[in-house]
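Enquirer: what's the 3D shape of this:
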Amino acid sequence: ALCSTLCGLYIRSRVESKKRRRVHVTEDPLHSVCGGQGSLWDFTQAGPLLPEQIAQIEHLISEGERAAVIAGRQPPRRRLIFAAQQNDLKKLHLSSLNGLLDRHRAITLQLDMDWRSVNDAALENLVKLLTRKGRCQVRSSGKKGDANRFRLPARGSPPMLGNVAEAIALAGHVEVECISVETFEASSSTGVTIPPINVDLGALRLSPQELVLNRQQLGDPGVAAACGFVRPWAGRLVAARLMECNIGDAGAAAISRLLLGEPGRASNPAIAGAASSLRELVLSANRIGDAGAASLAEALPKCDALERLLIDRNLIGRVGAEALAKRLPRSNIRELVFGSHLGGNPLGAFGAEALASAFADELERAAADRANRLEAVNLEGCGIGERGAKALAATLPRSAVSVLSLAADCLGDAGAIVVLEALPLGFLSLDLAGNGISDAVASVIGSTMQR
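Expert: Sure, this is the predicted structure:
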């Protein structure tokens, strides 16, 4: 029994000794070059850490600083290196590290870029660390294919992913060249690894006046990350084109957040606020529904320069049309595209009735001090039918619309005639193709052209 006990104690002491050796303390070359004194405390090989161990680390730092003060020296500079996966960093760890930086001015952190396994609570504390410019650095893992790629969890909420991307931009982490949203493990049901969503930050840095991500399968997480990254210079954006990006309602909410800005943070000079210079917004061929359309509608009155809105080939129905129609008269939009020859939105007759109410916008736009009125509308392939055509015809004479497409909208002869008879003088273009119109409408078209 005594022999087994001694063997157990020996093995335990060897394990503990091995653990202690996995924390590397070396001279910090950064401070040596600057002529100062400092050390690197590398915990990346120390295995999972407990929050209590962060407190023990701070206790050692405090003792060193106290000894330096007694000796009449400056507190020693120390750089602490952690890895999210190897050290199993969670919310409490990151909160403790934030407090450590608050209390010890001579301490800096260096974190790795792999945060795939954390949740929103941990990401919230990570944002606070990343925004500490000069106090918190990030580095790649050094593995092939991972260089300068900041990896975020696919389970993270789009708003939080956007906050992390914004923190990377605000603090000037130029070492991060790509944000990757990915799962930590393969799909449990199929065993197939889900491909990551990559957002190239180099392209976004090179074009601060444009956000162009056409035909990239970003989904809501990727779009949220991209919008968060460009949020600090949103006021400089002139065009945002995100066609065929697999954007849903959550992604539309992220775009709306970019357009609106955040008044509560307007005192920060590094944040430009609302996208007041944006002239064109292209969201064609996505999967935005009524909730996403409502989010976008809230931003329209704030975008003073926005003249073109293209949202064809989405999933916007009556509710989304009503939300947009409520805000359109207070906006500066001149061209509104709900449909094209490639497809439209399922507006139906009720959606057309809602939009028709926004055509007579003269008084509301004057009250909002808008120089433009709605001039061009494309509802091709939106299935508005005869009832929708009658609703549009009722407001066309009081509108400034001079270009209108109602192609492939199931109008029939009755719907086409009522629209033709309502056209005001000076109307430029009307597309009625694909509506099954018979020769009986020809005489109405002739009389309309002669006016």
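Enquirer: Where does pLDDT dip in the stretch 51-200 of the chain?
Expert: 141-147, 184-193 (pLDDT under 70).
Enquirer: Which parts of it are strands?
Expert: Secondary structure of the stretch 51-200 of the chain (DSSP state E, counting those that start in this stretch): strands located at 77-82, 107-112, 136-139, 149-153, 178-182, 197-200.
Enquirer: The second one versus strand 149-153: what angle between them?
Expert: Orientation of strand 107-112 against strand 149-153 (axes from the mean of the first three to the mean of the last three Cα atoms, to 10 degrees) gives an angle of 80 degrees.
Enquirer: do the same with the first one
Expert: When the same axes, to 10 degrees is applied, the directions of strand 77-82 and strand 149-153 differ by 60 degrees.
Enquirer: Give me the sheet partners of strand 77-82 and which way each runs.
Expert: Next to strand 77-82 in the sheet, as set by DSSP bridges, lie strand 38-42 (parallel), strand 107-112 (parallel).
Enquirer: nearest to residue 51, of the ones you listed?
Expert: Minimum separation from residue 51 across those (Cβ to Cβ) falls at strand 107-112, 15.7 Å. (C-beta placed from N, C-alpha, C; glycine too.)
Enquirer: re the thing from before, highest average neighbour count across the strands paired with strand 77-82?
Expert: strand 107-112 (a mean of 21; mean count of other Cβ atoms under 10 Å).
Enquirer: Distance from the chain centre to it, please.
Expert: 26 Å (Cα atoms, centre = their mean, to the nearest Å).
Enquirer: which outside residues touch that strand?
Expert: Residues outside strand 107-112 that contact it (Cβ atoms under 8 Å, 6 or more residues apart in numbering) are 44, 61, 77-85, 97, 100-101, 129, 134-141.
Enquirer: Okay, buried residues for stretch 411-419 please.
Expert: Neighbour-count burial for stretch 411-419, counted by 16 or more other Cβ atoms under 10 Å, picks out 411, 412, 413, 415, 416, 417, 418, 419.
Enquirer: contact partners of it?
Expert: Contacts for stretch 411-419 (Cβ under 8 Å, 6+ apart): 384-386, 388-390, 392-393, 396, 404, 406, 409, 430, 432, 435-438, 440-441, 444.
Enquirer: mind checking the end-to-end distance for stretch 378-388?
Expert: This stretch, stretch 378-388, spans 14 Å end to end (Cα to Cα, to the nearest Å).
Enquirer: pLDDT (mean, whole number) over that stretch?
Expert: Regarding stretch 378-388, the rounded mean pLDDT is 97.
Enquirer: Give me the buried positions along that stretch.
Expert: 378, 379, 380, 381, 382, 383, 384, 385, 386, 388.
Enquirer: again with stretch 126-141
Expert: Taking 16+ other Cβ under 10 Å as the criterion, stretch 126-141 shows 126, 127, 128, 129, 130, 131, 132, 136, 137, 138, 140, 141 as buried.
Enquirer: Out of the residues you listed, name the ones that lie in helices.
Expert: 126, 127, 128, 129, 130 (DSSP state H).
Enquirer: hey, C-alpha coordinates of stretch 246-254 in PDB?
Expert: Only the C-alpha atoms of stretch 246-254 are listed here, as PDB (Å, rounded to 0.1, in the frame of the first residue of the first chain):
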ATOM      1  CA  ASN A 246     -28.500  34.400 -49.700                       C
ATOM      2  CA  ILE A 247     -29.600  37.300 -47.400                       C
ATOM      3  CA  GLY A 248     -32.600  36.600 -45.100                       C
ATOM      4  CA  ASP A 249     -34.500  38.700 -42.600                       C
ATOM      5  CA  ALA A 250     -31.600  38.800 -40.100                       C
ATOM      6  CA  GLY A 251     -29.200  39.900 -42.800                       C
ATOM      7  CA  ALA A 252     -31.700  42.700 -43.900                       C
ATOM      8  CA  ALA A 253     -31.800  43.800 -40.200                       C
ATOM      9  CA  ALA A 254     -28.000  44.000 -40.200                       C
END
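Enquirer: Nearest to residue 278, out of the buried residues of stretch 411-419: which one, please.
Expert: Using Cβ to Cβ, the buried residues of stretch 411-419 come closest to residue 278 at residue 419, 31.9 Å.
Enquirer: Checking my notes, the closest one in a helix, right?
Expert: Yes. Counting by DSSP: H, G, I helix; E, B strand; the rest coil, residue 419 is found in a helix.
Enquirer: How much space separates it from residue 102?
Expert: Counting by Cβ to Cβ, to the nearest Å, the separation of residue 419 from residue 102 is 66 Å.
Enquirer: if we can go back for a sec, dump the strands paired with strand 77-82 to a markdown table, plus distance to residue 358.
Expert: Output for these, formatted as a markdown table (distance: least, Cβ to Cβ, whole Å):
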| stretch | distance to residue 358 |
| --- | --- |
| strand 38-42 | 61 |
| strand 107-112 | 49 |
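Enquirer: Which positions within stretch 339-347 qualify as buried?
Expert: 339, 340, 344, 345, 346, 347.
Enquirer: The residue nearest in space to the middle of the chain: what's it in contact with?
Expert: In the chain, the residue lying closest to the centroid (Cα atoms, centre = their mean) is residue 224, at 1.9 Å. Residues near residue 224 by Cβ under 8 Å, 6+ apart: 158, 159, 161, 162, 165, 250, 251, 254.
Enquirer: tell me which element it falls in.
Expert: Per DSSP states H and E: residue 224 is located in helix 219-230.
Enquirer: Show me what the next helix-or-strand element following that helix packs onto, helices and strands only.
Expert: Later in the chain than helix 219-230, the nearest helix or strand by DSSP H and E is strand 239-241. Packing contacts for strand 239-241, counted by 3 or more Cβ pairs under 8 Å, 6 or more residues apart in numbering; DSSP states H and E, involve strand 210-212, strand 280-282.
Enquirer: so how far is residue 101 from residue 111?
Expert: The value you get for residue 111 to residue 101, if Cβ to Cβ is used, is 12 Å.
Enquirer: residues shared between the contacts of those two?
Expert: 129, 136.
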